[in-house]
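Student: Have a look at this prediction, sequence included:
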There are 2 protein chains.
Amino acid sequence: MGKTRSAPTLNDVASHAGVSTATVSRCLNSPNQVVETTRVRVLQVIEELGYTPNFAARVMAAKRSFTIGAIIPTMDNAIFARGLQAFQNELRQNGYTLLVSSSDYKPEIEKEQIRALVARGADGLLLIGHERENEIYDYLKRHQVPALVAWSYLPDARQPSVGFSNRDAMFALAQDVINTGHRRIAMISGVTAGNDRAQRRVQGVRDALQANGICADDMRVIETTYEIDSGAHAFRDLMSRTPRPTAIICGNDVLAVGALREARRMDVSVPDEVSITGFDDIELAEIASPALTTVHVPHREMGRKAAQELIAMVNGTSKGVSTCIDTHIVYRASLATPPNGA
Amino acid sequence: MGKTRSAPTLNDVASHAGVSTATVSRCLNSPNQVVETTRVRVLQVIEELGYTPNFAARVMAAKRSFTIGAIIPTMDNAIFARGLQAFQNELRQNGYTLLVSSSDYKPEIEKEQIRALVARGADGLLLIGHERENEIYDYLKRHQVPALVAWSYLPDARQPSVGFSNRDAMFALAQDVINTGHRRIAMISGVTAGNDRAQRRVQGVRDALQANGICADDMRVIETTYEIDSGAHAFRDLMSRTPRPTAIICGNDVLAVGALREARRMDVSVPDEVSITGFDDIELAEIASPALTTVHVPHREMGRKAAQELIAMVNGTSKGVSTCIDTHIVYRASLATPPNGA
C-alpha cells in the first residue's frame, strides 16, 4: 500500500480499494448497505492511507463504530476472562471489535469508564450485574447506546440481562450441604455493597436454611474482597469461634481456595473436620486439593449468548431480551458428611 | 445536572461548570494548560449535557483523548490480568482511562485491534512482546501514536520495552535444574511462532544445557497452546518415551499445572519420579500439589513502570526508555534430585 505524504483524497481511497467514490462514501455513512468484504477493505485502505488522520470524521459520519465496550469488575478472575473471550469471539465473527475496561469493583470508576467508552464511540455496552445508579442508564439512553447486563439474571430489572440466577444456584448448593447433614453452616461472602451477585448468593443460602427450619439469623457471614488471602483470613476467623462451623459456603472459588490453603496451614482436615464449597467452577476448583464442590457456571455460553443479544440490540432487531442460563453443581471431595458428634 | 432538550452551547457548559468559555475551549484544545480538577469537571459537564453528542468533535479538537489502549494475547491468564490491573491503576492516577483488547495470540487480530484503538483515538498503546510486522510500527508512527512493549525486554529492538529477559530468567532456572542433578531434561513450551517470550525461554534452556556440556539438540521440546489440558497431554507424551526425562521444564505455570494433573492421573510421583517447573508464579503455582518451583515475575511492578514510561512518551517528555525488571526463582516442592539410577 505504501506511504502517502500529502493528505489523501476520497479518490485516492477509491482507487486504492478498487471501488467507486460512492462506495467509499457508503462505507462511511451507511455501512449496512455495503457487503462486509468491501466494507472491511475500504476501511482498511482508509486507515492505511490515513484518509481520516483524526478518525473522528469517520465516527461522526458513520452511524456505527463497530466497537463494543465491556466493563468488568476485575480482569484478575478467570470467570470474567473466560466469558469475555467467548463474547469477543462471537463479536468478531460479526465484524465487531471489543474494548474492555475493568472497574476494580468501584462504581465511580465504572461510571468514568462508561463515559470513556461512549465518548470513544462504542455502539453498545456489556455491563456486569444490575446494581448501579439510574443516572447511568439515563445517560446511556440519552446517547442511544444499548446496554446489556451479564452474570446476573433479573427479569424485572430495568436493563435486559443474559445471566443466571445467583440466588437459585446458591440455594441449590446450600440445600445439598444441608442434605449432607450440616446444620452449623457459615459463609465467606464477597463484599455485598453494590454487588447484586454477592447479595443474592447470600440470600440463596439464607433461604435454604430457612426452608429447612434452620435459623438463618444465626449464620455467621464474613464479607471480604474476592482474593485468596482474604478467603484464608476469613476461614481462620470462622474456625476460631466456638462451636466451629461444620461447613463453610464460599461466595466464589477464589475465596474457597483461600479457605483450603488456610485449613492446610492450620492442620484442619477438609472435608473430615470441615466441608468447604465454592462457586464458578474455575480451573482452580479442580486443581485445589481436595478439589472443590462448586456451582458450575457456563461462562463461555453466557458470553456467546450475550454477544448475540447485544448485536441484535445494536442492529435494532431486538429491544433487549433477557435470557436465563442454567447452572449445575459439580460434586468433588471438599464436601462430605459432618464429623461425628458435630 | 438534569437533562437538556435543545442542543447545549459552549455557554451552557461554561455556566454549568462554573468556568469561563475560554476555559472550556482550553479543556478541549490544550488540556495540558488546565489543572486536572477543572479539566475533569468541565469534561464531565460536556458529557452530562451532551455538548458533543457525537464525541468526535472533542476528539478532533483536543490533542489528547486521555485513553490508553493495551492489546494482550489473552485475558485468560492471570499474568496479564495482574500486570494490567497495576498498569491501569497508575494510568488512572494520571487521569487516563485504559481500554484493553485481547488478540488470542493471533497477529492478524492484533493488527485489527491496533487499528481499532488508534481509530478510537488512543493516545498511546501497550503491546506484548516484540514480534510483529514492521508495517504496524510504521502505521503507528504515521499516526503519531507512541507504543511501548511489555513482558519482554530486548534493548536492541525497534520499540522501547519494559519487561524482563525471558532468556536469562529461564537460563537461571534450567541451571538450577541441572545443579539439582538432572541430565535428561525435556521441555513443554508455548507455541514459539510469533511469540518472542516463548522462543527466548526455549533458548534459555538450550543455552544452560550447552553451558553444562549437555547436548541441547537431544532435548525433547513439545510446543503447545498455553492451556492446562495441553500441558497434561504433552506430559503424557513425554513420559511415554524411553528413557523418560527426569525433569520437565514448562514454558509457564499453566502448562506445569497441566503436567502435574496428568502425573496424578498416571500415578507418577512428582518430584520422586519426575521434577516439574513452571514460569510466572501465578496463584496456581502455590495452590498446586506439589507446589511449583517457578520463576517469579513481578507483574505488578512491570505494569506500574510501563504505565509511567508510556505516559511520559505520550506527554513527549520521553522518547521511550527501556527498563529491565528483575525476576527470581521461587523454590517449592516440585523440583528435587532425580530418582536413583536415573
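Tutor: Sure, I can see it.
Student: quick one: low-confidence ranges for the stretch 201-342 of chain A?
Tutor: A:341-342 (pLDDT under 70).
Student: quick one, strands of it?
Tutor: In the stretch 201-342 of chain A, the strands defined using DSSP state E, counting those that start in this stretch lie at A:221-224, A:247-250, A:275-277, A:294-296, A:323-324, A:328-330.
Student: for the stretch 51-200 of chain A, same thing?
Tutor: A:67-72, A:97-102, A:124-128, A:147-150, A:161-163, A:185-190.
Student: between the ones you listed, which gets nearest to chain B?
Tutor: strand A:97-102 (4.1 Å; CB to the nearest CB). (C-beta placed from N, C-alpha, C; glycine too.)
Student: What mean pLDDT does the closest one get?
Tutor: The average pLDDT within strand A:97-102 is 90.
Student: Point out the other helices and strands that it packs with.
Tutor: Under the contact definition 3 or more CB pairs under 8 Å, 6 or more residues apart in numbering or on different chains; DSSP states H and E, strand A:97-102 sits against strand A:67-72, helix A:78-93, helix A:107-119, helix B:78-93, strand B:97-102, helix B:107-119.
Student: how about a cut-off of 10 Å?
Tutor: strand A:67-72, helix A:78-93, helix A:107-119, strand A:124-128, strand B:67-72, helix B:78-93, strand B:97-102, helix B:107-119 (3 or more CB pairs under 10 Å, 6 or more residues apart in numbering or on different chains; DSSP states H and E).
Student: Can I get the ones you listed in CSV including distance to residue A:32 and mean neighbour count?
Tutor: What follows is those, written out as CSV (distance: least, CB to CB, whole Å; neighbours: other CB atoms under 10 Å in any protein chain shown):
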stretch, distance to residue A:32, mean neighbour count
strand A:67-72, 16, 26
helix A:78-93, 17, 22
helix A:107-119, 21, 21
strand A:124-128, 15, 25
strand B:67-72, 27, 26
helix B:78-93, 34, 22
strand B:97-102, 24, 25
helix B:107-119, 19, 20
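Student: Spatially nearest residue to the residue in the stretch 201-342 of chain A positioned nearest to chain B, not counting backbone neighbours?
Tutor: Proximity to chain B, evaluated over the stretch 201-342 of chain A using CB to the nearest CB, is greatest for residue A:289 at 4.3 Å. Sequence neighbours aside, residue B:289 is the residue nearest to residue A:289 in space, at 4.3 Å (criterion: CB to CB, 6 or more residues apart in numbering or on different chains).
Student: quick one, what contacts the one you found?
Tutor: A:264, A:287-290, B:257, B:260-261, B:264, B:270, B:333-334 (CB atoms under 10 Å, 6 or more residues apart in numbering or on different chains).
Student: that older thread, ok, which of the helices and strands packed on strand A:97-102 comes nearest residue A:237?
Tutor: helix A:78-93 (25.0 Å; CB to CB).
Student: Break chain A down into its domains, please.
Tutor: A:10-61, A:67-164+A:298-326, A:166-297 (automatic domain parsing).
Student: Residue A:185 and residue A:243 touch, don't they?
Tutor: No - Residue A:185 lies out of contact with residue A:243 (CB atoms under 10 Å); the separation is 12.0 Å.
Student: Leaving out the residues flanking it, which one is nearest to residue A:208?
Tutor: Spatial nearest neighbour of residue A:208, chain neighbours left out: residue A:174 (3.5 Å); criterion: CB to CB, 6+ apart.
Student: Look at the one you found and say how many residues are nearby.
Tutor: Using other CB atoms under 10 Å in any protein chain shown, residue A:174 is surrounded by 27 other residues.
Student: Residue A:247 versus that one, what's the distance?
Tutor: 9 Å (CB to CB, to the nearest Å).
Student: Which neighbours do the two have in common?
Tutor: With CB under 10 Å, 6+ apart as the test, residue A:174 and residue A:247 both reach A:182, A:185, A:187, A:277.
Student: Name whatever forms a beta bridge with the second one.
Tutor: Taking DSSP bridges, one obtains residue A:247 as the residues bridged to residue A:185.
Student: how near is it to residue A:247?
Tutor: 5 Å.
Student: Common neighbours of these two, please.
Tutor: With contacts taken as CB under 10 Å, 6+ apart, residue A:185 and residue A:247 have A:174, A:177-178, A:275, A:277, A:338 as neighbours in common.
Student: most surrounded residue in those residues?
Tutor: That'd be residue A:277 among the shared contacts of residue A:185 and residue A:247, by other CB under 10 Å, with 29 neighbours.
Student: That one reaches residue A:176, doesn't it?
Tutor: Yes - with contacts defined as CB under 10 Å, residue A:277 counts as touching residue A:176 at a distance of 8.4 Å.
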